[in-house]
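>>> What follows is a protein structure lacking sequence information:
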């Protein structure tokens, strides 16, 4: 983690001062997760990688749909899914403070940016994983192969859902990938304020404050081609109908966001009117009133 903070203040005159604030930070974090968990994965009796005792049990029992078993479990042999986050934050603020007679004023502007590159390490590609566990016996070689010919051509290596040994390098490389995501948010803030005394009443000075505030925020999120796609499932789970559209990545179909932005303009006024002061039973009695008008470009306006 690296961070830099700097502040500069300067007096232009007795009635005018200014400041600059700069904050920058950059950091990286790694979060280790657990291996993937599957619930009711469909395995056919014809799968040649079935353990002999499981195959014998299926043959001896009247299994649902005939020749199908549903397997649930955490796949320790696939390795954990970890998250690598790289974050950068930048904030710059500029401001002036001044006085004119009985009135004081201030103006400031702030710009903030946040960027994050996220990488899901050892992310499982669902289309490839479920092709790798859908295994048949190749009649030409009498060896286990992936049923899907296109996947075989892409390098599909048969995997057993009952296995506990670590995958081979080829099998792991086929079903896993490091998946990147990108997020950026931005914020602009502008403040203008004026306050002071208007006139005197017997109980004291009538005071006011008024100003304008502007805020704009935006966000963009970018996934990747694989995150945005689906594939036609082959009855991958008890809950998925054969031929259904199924997520390509275990984390689900991810859509891009934005760039979206909105802005809001606020106008406000506040008044304090002294009614009584230093009176029997009323050391101080003031009346305060305030109004704020907010105009959102994304929805509507409101008056408070």
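Sure, I can see it. Please read these numbers as outputs of a predicted model, since none were measured by experiment.

>>> Residue 97 contacts residue 191, doesn't it?
No. Counting by Cβ atoms under 8 Å, residue 97 stays clear of residue 191, with 11.5 Å between them. (Glycine included, C-beta is placed from N, CA and C.)

>>> ok, longest strand in this protein?
strand 176-201 (DSSP state E).

>>> That one: what's the following helix or strand?
strand 204-222 (DSSP states H and E).

>>> by contact count, what packs against that following strand?
In terms of contacts (3 or more Cβ pairs under 8 Å, 6 or more residues apart in numbering; DSSP states H and E), strand 204-222 is packed against strand 176-201, strand 257-279.

>>> As a check, name the ranges of all helices in the protein.
Ranges of helices in the chain, per DSSP state H, are 52-60, 126-132, 149-153, 169-175.

>>> Kindly state the pLDDT recorded for residue 16?
We have a pLDDT of 96 for residue 16.

>>> Which residues are in contact with each of residue 97 and residue 191?
residue 106 (Cβ atoms under 8 Å, 6 or more residues apart in numbering).

>>> wait, what's in contact with the spatially closest residue to residue 99 that is not a sequence neighbour?
Spatially, and ignoring its direct neighbours in sequence, residue 99 is nearest to residue 15 (4.5 Å; Cβ to Cβ, 6 or more residues apart in numbering). For residue 15, the contact set (Cβ under 8 Å, 6+ apart) comprises 98-100.

>>> and residue 15, how far is that from residue 7?
21 Å (Cβ to Cβ, to the nearest Å).

>>> Kindly report the same for residue 135.
65 Å.

>>> From the neighbour counts alone, determine which of the two ranks first.
Applying other Cβ atoms under 10 Å to residue 135 and residue 7 shows that residue 135 carries more neighbours, namely 24 against 10.

>>> What pLDDT is listed against the closest residue to that one other than its chain neighbours?
Here the nearest residue to residue 135 in space, its sequence neighbours aside, is residue 158; by Cβ to Cβ, 6+ apart that works out to 4.4 Å. Looking at residue 158, its pLDDT stands at 95.

>>> Could you do residue 59 as well?
83.

>>> Pull the contacting residues for the residue nearest to the spatial centre of the chain.
Centroid-nearest residue in the chain, with Cα atoms, centre = their mean: residue 183, separated by 7.3 Å. Residues near residue 183 by Cβ under 8 Å, 6+ apart: 114-116, 118, 219-222.

>>> Now with 7 Å, please.
For residue 183, the contacting residues are 116, 221, by Cβ atoms under 7 Å, 6 or more residues apart in numbering.

>>> could we number from 10 for the rest of this?
Got it, the first residue is 10 from now on, which makes the last one we talked about residue 192.

>>> thought residue 14 was touching residue 32?
Yes. Here residue 14 reaches residue 32: they are 5.3 Å apart, a contact under Cβ atoms under 7 Å.

>>> Tell me which of those two has more neighbours.
residue 32 (15 against 10).

>>> now that one, nearest residue through space, not along the chain?
With Cβ to Cβ, 6+ apart, the residue lying closest to residue 32 is residue 100, at 4.3 Å.

>>> right, and the one you found touches residue 34 too?
No. Contact criterion Cβ under 7 Å: residue 100 and residue 34 do not qualify, at 8.9 Å.

>>> Just the endpoints, please. Distance across stretch 137-146?
18 Å (Cα to Cα, to the nearest Å).

>>> What residues sit buried inside it?
Using 16 or more other Cβ atoms under 10 Å as the test for burial, stretch 137-146 gives 137-144.

>>> wait, what's in contact with residue 269?
So residue 269 contacts 227-228 (Cβ under 7 Å, 6+ apart).

>>> in the sheet, who's paired with it?
Residues in a beta bridge with residue 269, per DSSP bridges, are residue 228.

>>> Distance of it relative to residue 100?
21 Å.

>>> Pull the distance from stretch 32-51 to the chain's centre.
13 Å (Cα atoms, centre = their mean, to the nearest Å).

>>> what about it, how long is it end to end?
53 Å.

>>> cool, and stretch 225-236?
Span of stretch 225-236 from end to end, Cα to Cα: 30 Å.

>>> And that stretch, what's buried?
226-230, 232-233, 235-236.

>>> Tabulate the residues you listed (a markdown table), appending distance to residue 301 and pLDDT.
Output for the buried residues of stretch 225-236, formatted as a markdown table (distance: Cβ to Cβ, whole Å; pLDDT from 0 to 100):
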| residue | distance to residue 301 | pLDDT |
| --- | --- | --- |
| 226 | 19 | 96 |
| 227 | 24 | 96 |
| 228 | 25 | 95 |
| 229 | 30 | 95 |
| 230 | 32 | 94 |
| 232 | 39 | 88 |
| 233 | 43 | 85 |
| 235 | 47 | 83 |
| 236 | 42 | 82 |
